[in-house]
Every structure is written in C-alpha cells, then in structure tokens.
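A.B. asks: Turn this into a model:
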Amino acid sequence: MIDKNIRNIIFDFGGVILNINPLLTYNNFSRLGLSGLYDRVGGTNSDKTPNLFEKGLISSGEFRKKIRSKIDHPVEDFEIDDAWNAMLLDIPYERITLLNKLKSKYKTFLLSNTNEIHYAEYTRQLRQSYGLNNLSELFFKTYFSFKLHMSKPDKEIYRYIINENLLNPEETLFIDDSIINIEGAGSVGLKTHHLKAGESINYLFSFV
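C.D. replies: Numbering: from 1, shown residues only. Alright, predicted model coming up:
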C-alpha cells in the first residue's frame, strides 16, 4: 500500500515499466564475437564502455567504434544496434493505462539510466504500438542519464530532480528494480520501493 502522504512518484524505466532481458543482449554480442561487454547477468561489468555511453560521455558512433575494436571481423552498425537493443522487450498496455491514471493523481517522473541507441529504439516502439510521440506524454517530467551526464545510483542525479522540481523527499516515492539504485535514492531521503522479480507496478497501484 502506498503511503497516503506521497505526492510525487519517480519511476525507473527498464524492469519497471519496460520489460527487459539483458541476457538477450549478452548472447547477441557473444554471437558477434564479443563477450563481457554487458555482463550484468553475472553481476559484473569490467568494461566501462556501457557506463560511459549511459552517461552520454561517448556518442553512438564512438560506442560502435569501441565495439568494433573488440571484434576481430567487420560488423555493420545495424548488427551492433540490433544486438544492443535485443534486451528491450515491450511495455504492456496495462502499464500505459496505469501511468495515465497516476498522472492525474500524483506528480510523476521518469528517471532512467539509458543511452542514445536504446532511447531511439523504445521511442520508435512506443510510437508504433501506442501512437505516443515519446515518454514525456506519460509523465510530468522525464530524465535520462545520457542527457544529464549523470546516472543512478549517484546521489547527484536524485538531488538534481529534487531541487529542480522543489520536491519534498518525505512526500516522494522512488520505484526501481535495482537495490543499488534504491539505496542511492534512500541516501538522499527519498521514500523507496524495491520492485522485486515477479512484482508489477499494476499490483502496487491496484487501488487506482
């Protein structure tokens, strides 16, 4: 049950709103001859390329160049993009409906660790599936790590949203499927909910 004092909700995207499967990207890169770039399945990621891309510190072209440098045969842009986007699944219709309902009851925000290639792909899917131009139509404001040059779980990105929108952390709920991100949000005073495997935001907000 959501605390009755909550006035604002900050949602994570992948794993909370968008269904994802990072193993698909890992497997697709392996088939291209690259392993270890996106090994979040195993909980480790020694290659910093995805993190740099996620913070917008390298461009899409630079990201692809770094990928190519780790593969011993030629690969096309579309092959890299297809492998990288393989983890992106779908946004169920019931979540779109829920977000539209919540927007009329709370001040809702999106905070996503994402990158330029993923952003373009799920924006395309959103337009194709639901006729929405972008995610900003579902929230009061949207925030993306590659545009802010900051990422979760660093405190600065949570403080940025709090300060820009004059939010009271005691009245603001942050929802994420990563415990590390939850801990980061909690460290700046936000109320938090860790969305565990098998749990849905539709169940969490079943009272709406």
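
A.B. asks: quick one, strands of the chain?
C.D. replies: In the chain, the strands defined using DSSP state E lie at 8-11, 107-112, 141-144, 172-176, 191-194.

A.B. asks: In the sheet, which strands lie alongside the third one, parallel or antiparallel?
C.D. replies: Meaning strand 141-144. strand 107-112 (parallel) (DSSP bridges).

A.B. asks: Can you show me the CA trace of the strand it pairs with as CSV?
C.D. replies: Coordinates of each C-alpha in strand 107-112 appear next as CSV, following Å, rounded to 0.1, in the frame of the first residue of the first chain:
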residue,chain,number,x,y,z
LYS,A,107,3.2,14.4,-9.9
THR,A,108,5.0,11.6,-11.8
PHE,A,109,8.6,11.4,-13.1
LEU,A,110,10.7,9.0,-15.1
LEU,A,111,14.4,8.5,-14.2
SER,A,112,16.2,6.1,-16.5
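
A.B. asks: starting at the chain centroid, how far to it?
C.D. replies: 10 Å (C-alpha atoms, centre = their mean, to the nearest Å).

A.B. asks: Could you export the strands of the chain as a markdown table, including mean pLDDT and mean neighbour count?
C.D. replies: All C-beta spots, glycine's among them, are computed from the backbone N, C-alpha and C. Output for the strands of the chain, formatted as a markdown table (pLDDT from 0 to 100; neighbours: other C-beta atoms under 10 Å):
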| stretch | mean pLDDT | mean neighbour count |
| --- | --- | --- |
| strand 8-11 | 98 | 24 |
| strand 107-112 | 98 | 22 |
| strand 141-144 | 98 | 18 |
| strand 172-176 | 98 | 25 |
| strand 191-194 | 97 | 18 |
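
A.B. asks: Same list (those strands) but as TSV, adding distance to N133.
C.D. replies: As requested, the strands of the chain are exported to TSV (distance: least, C-beta to C-beta, whole Å):
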stretch	distance to N133
strand 8-11	19
strand 107-112	15
strand 141-144	12
strand 172-176	24
strand 191-194	29
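
A.B. asks: So for K55, which of those strands sits nearest?
C.D. replies: Closest to K55 of those is strand 141-144 (C-beta to C-beta; 10.4 Å).

A.B. asks: which other residues reach the closest one?
C.D. replies: 109-112, 114, 119, 134-136, 157, 160-161, 165 (C-beta atoms under 8 Å, 6 or more residues apart in numbering).

A.B. asks: Quick check: the farthest pair among those residues?
C.D. replies: Checking the contacts of strand 141-144 with C-beta to C-beta, the most distant pair is Y119 and N165, at 21.4 Å.
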